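Chemist: heads up, no residue letters with this:
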Ligand code: URA
């Protein structure tokens, strides 16, 4: 078999066989197939698509390009969740403790933020001492003994995806639904997940800008899961404005802690309850959404989810004094409100621009490996549809550098739109796929 023939076949819109896909991915992972051929192939896939069968074969080929964790000896069912990325998305920090408090142990490997979208590891590292570099053995041991783990990727999971994703990033081949679906699902499968809740974001602060595209991606990922004997359900959720109020690492940890104390912003709490409910259904602890939500809500009300979060922080070397008293978490020196320019109703708070302003402040990174500032970010005070009065703060900028503050302020002023007429609130969810 020759790589060029596989490229030509996809260029000519033909369906690739399982063997051809395995050959191509194995060859690329080993370095036998060079980047230029993989780039041509990725562009052919972007332009001509793949069938669900081809996408499933691609997912499995990438999942098996490195280690595949088997958690079956440690937990009854390995649950996972995945968000396609967004602004202010600190859901994992609340949902994992809820699910664990409801009786299902969860070990999760998360990622870092890149571009305008934040990452769970960066948020947790706002807590002094918290370690995100557990070995696979330490991961398994903590899952067994503590029942919860939240760390970075330890094992060499889906290296083919790592290599291909970096190539797609610089060849204009990221926005391909089969390539995105196989990329996400290969990592989940390699991490041992048997039941997966996928949180597919839709809107200007998300990969998927339209509901139609988000639904196609969600359906494809659920289909892949079914074809490989896993269970998945996908929520389609809004990402046109930030989730909750806080954007920025320590700010988001504080908001997660408020939520774990049975408070927090209404939209964020609602989001966590939905994700947790569906994890509890997949895990067999709830029969339906209502039961799952009630069980999840109870873990917030009775303090058990908070107790689990504390246990997690302690187990991974974090100083619990900082989460017990979140005012000790890193805080920015400069805090500046952005006032509403007129009376009316908040019509838009452009999520992507808010995320990009957070990167300018130092909360995120432009490229892999850049340092970040855990203290800085943005706290919004209004959601789309809320009434606002002239001069009332729409958001507060938390900065450590006056020049960055000025740049972020100019961007954020563009992110805010006020309408003289009433504006309906944005929905939290647009649907559920695979329930
Ligand atoms: N996230 C991923 O993990 N892969 C993609 O291709 C896109 C988003």
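Modeler: The structure has been received and is ready for your questions. Given the structure is predicted, the values throughout are model-derived calculations rather than measurements. Numbering: from 1, shown residues only.
Chemist: ok, so what distance separates the nearest residue to residue 435 once chain neighbours are set aside from the ligand?
Modeler: Using Cβ to Cβ, 6 or more residues apart in numbering and skipping residues adjacent in sequence, the residue nearest residue 435 is residue 233, 5.6 Å away. From N, CA and C alone the C-beta is placed, and that goes for glycine too. Computed as Cβ to the nearest ligand atom, to the nearest Å, the residue 233 to the ligand distance reads 18 Å.
Chemist: gap between residue 233 and residue 226?
Modeler: Noted for residue 233: a distance of 11 Å to residue 226, by Cβ to Cβ, to the nearest Å.
Chemist: Looking at the two now, which is surrounded by more residues?
Modeler: Neighbour totals were compared for residue 233 and residue 226, and residue 233 leads with 20 against 14 (other Cβ atoms under 10 Å).
Chemist: Residue 112 against residue 124, yeah?
Modeler: No: counting by Cβ atoms under 8 Å, residue 112 stays clear of residue 124, with 10.5 Å between them.
Chemist: Of these two, which one has the most company?
Modeler: Neighbours per residue (other Cβ under 10 Å) separate residue 112 from residue 124, with residue 124 holding more: 26 against 19.
Chemist: Find the residue closest to that one in space, skipping its chain neighbours.
Modeler: Nearest one to residue 124, counting by Cβ to Cβ, 6+ apart, is residue 130 at 5.1 Å.
Chemist: Test my guess that that neighbour contacts residue 317.
Modeler: Yes: the pair residue 130 / residue 317 is scored as a contact, 6.2 Å apart, by Cβ under 8 Å.
Chemist: ok, how many other residues are close to residue 218?
Modeler: Residue 218, neighbours per other Cβ under 10 Å, totals 27.
Chemist: Can you name the helix or strand that it falls in?
Modeler: Using DSSP states H and E, the element containing residue 218 is helix 211-227.
Chemist: Could I get the buried residue list for the helix or strand where residue 300 lies?
Modeler: Assigned by DSSP H and E, residue 300 falls within helix 289-301. For helix 289-301, the neighbour count (16 or more other Cβ atoms under 10 Å) marks 289, 292, 293, 295, 296, 297, 299, 300 as buried.
Chemist: And the residue nearest to residue 192 when sequence neighbours are not counted, what's its pLDDT?
Modeler: For residue 192, ignoring the flanking residues on the chain, the nearest one in space by Cβ to Cβ, 6+ apart is residue 69 at 3.7 Å. What the model reports for residue 69 is a pLDDT of 93.
Chemist: Would you enumerate the residues in contact with residue 333?
Modeler: By Cβ atoms under 8 Å, 6 or more residues apart in numbering, residue 333 lies in contact with 399, 400.
Chemist: change it to 7 Å
Modeler: Residue 333 makes contacts with residue 400, as judged by Cβ atoms under 7 Å, 6 or more residues apart in numbering.
Chemist: How about residue 203?
Modeler: Residue 203 sits next to 209, 238, 239, 240, 351 when contact means Cβ under 7 Å, 6+ apart.
Chemist: if we go to 8 Å?
Modeler: By Cβ under 8 Å, 6+ apart, the contact set of residue 203 is 209, 238, 239, 240, 241, 351.
Chemist: Next, give me the two most distant ones among those.
Modeler: Largest separation among those by Cβ to Cβ: 209 and 241, giving 14.3 Å.
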